[in-house]
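S.K.: this one's structure only:
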């Protein structure tokens with residue numbers, strides 16, 4: 001049950017981040033480097049920091065220069081996030097490299113790692129919605145609405161546990177096969193972004 005294995009790692013990472021709650025704090029990954037646990041924790045750390053980048057940049061009083069710097073940090077974070085998803089998919093590709101794919105096997109719309117990526121973001125949604133549902137200074141109406149949303153998120157978590165497990169089981173059995181497309185992000189590439197390559201002239 002890979003999703004059930006990954007989710008507590010995401011929760012630990014989110015809780016660790018919020019001890020200091022600073023986007024510039026160093027990540028102190030508690031897992032052995034090179035392990036899948038280490039990779040999952042590192043992936044969620046990137047997601048958690050970016051979550052807070054996105055909060056900060058929406059401050060209507062933010063200094064424009066600071067906002068531009070933050071936008072570039074978000075772009076860089078998106079690239080790292082994508083790279084880490086591909087590393088996780090490499091783990092699955094290697095793990096199931098010996099599986100005999102059935103002749104009628106189907107391909108899924110997303111790879112296991114992109115499903116795990118959505119689970120990582122869901123862990124963040126659950127954490128922050130729980131905060132809002134229990135925020136003492138908020139109105140009872142606000143807390144009640146947030147509790148309703150939290151209940152939906154928790155239901156989604158259970159559904160994702162089932163669907164991710166089914167996907168991985170199908171891959172293990174050869175009923176589905178993985179086909180990983182390297183994300184060809186263009187906005188950071190000096191050869192593909194017209195603004196960047198025109199500035200090189």
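M.R.: Perfect, thanks for sending it. A quick note: this is a predicted structure, and the numbers were derived from the prediction, not measured.

S.K.: tell me which helix or strand comes right after the helix or strand hosting residue 116.
M.R.: Here residue 116, judged by DSSP states H and E, is contained in helix 112-133. As assigned by DSSP H and E, the chain's next helix or strand after helix 112-133 is helix 140-173.

S.K.: skipping adjacent residues, who's closest to the residue most central in space within the chain in space?
M.R.: Nearest residue to the geometric centre of the chain (CA atoms, centre = their mean): residue 117, 3.7 Å. Among residues not flanking residue 117 along the chain, residue 85 sits closest, at 5.1 Å (CB to CB, 6 or more residues apart in numbering). Placement of C-beta: from N, CA and C, glycine included.

S.K.: which residues of the chain score low on pLDDT?
M.R.: Scanning the chain for pLDDT under 70 picks out 183-190, 192-201.

S.K.: what about residue 157, neighbour count?
M.R.: 16 (other CB atoms under 10 Å).

S.K.: what about the residue nearest to it when sequence neighbours are not counted, distance to residue 10?
M.R.: Sequence neighbours aside, residue 122 is the residue nearest to residue 157 in space, at 5.9 Å (criterion: CB to CB, 6+ apart). The gap separating residue 122 from residue 10 is 9 Å, by CB to CB, to the nearest Å.

S.K.: one more: residue 174?
M.R.: For residue 174, the distance to residue 10 - CB to CB - is 29 Å.

S.K.: more neighbours: which of these two?
M.R.: residue 10 (25 against 15).

S.K.: confirm the more buried one sits in a strand?
M.R.: No - Residue 10: not assigned to a strand; according to DSSP: H, G, I helix; E, B strand; the rest coil it is helix.

S.K.: do I have it right that it meets residue 121?
M.R.: No - here residue 10 does not reach residue 121: they are 9.3 Å apart, not a contact under CB atoms under 8 Å.

S.K.: I'd guessed residue 32 sits against residue 41; true?
M.R.: No - applying CB under 8 Å, one finds residue 32 not in contact with residue 41, separated by 10.6 Å.

S.K.: comparing the two, which residue is more hemmed in?
M.R.: residue 41 (21 against 9).

S.K.: can I assume the more buried one is in contact with residue 30?
M.R.: Yes - contact status for residue 41 versus residue 30: in contact at 7.1 Å, counting by CB under 8 Å.

S.K.: name the residues contacting each of the two.
M.R.: By CB atoms under 8 Å, 6 or more residues apart in numbering, residue 41 and residue 30 have these common neighbours: residue 12.

S.K.: residues near the closest residue in space to residue 54 that isn't next to it in sequence, how many?
M.R.: Leaving aside its chain neighbours, residue 54 sits nearest to residue 74 (7.0 Å; criterion: CB to CB, 6+ apart). Using other CB under 10 Å, the number of residues around residue 74 comes to 16.
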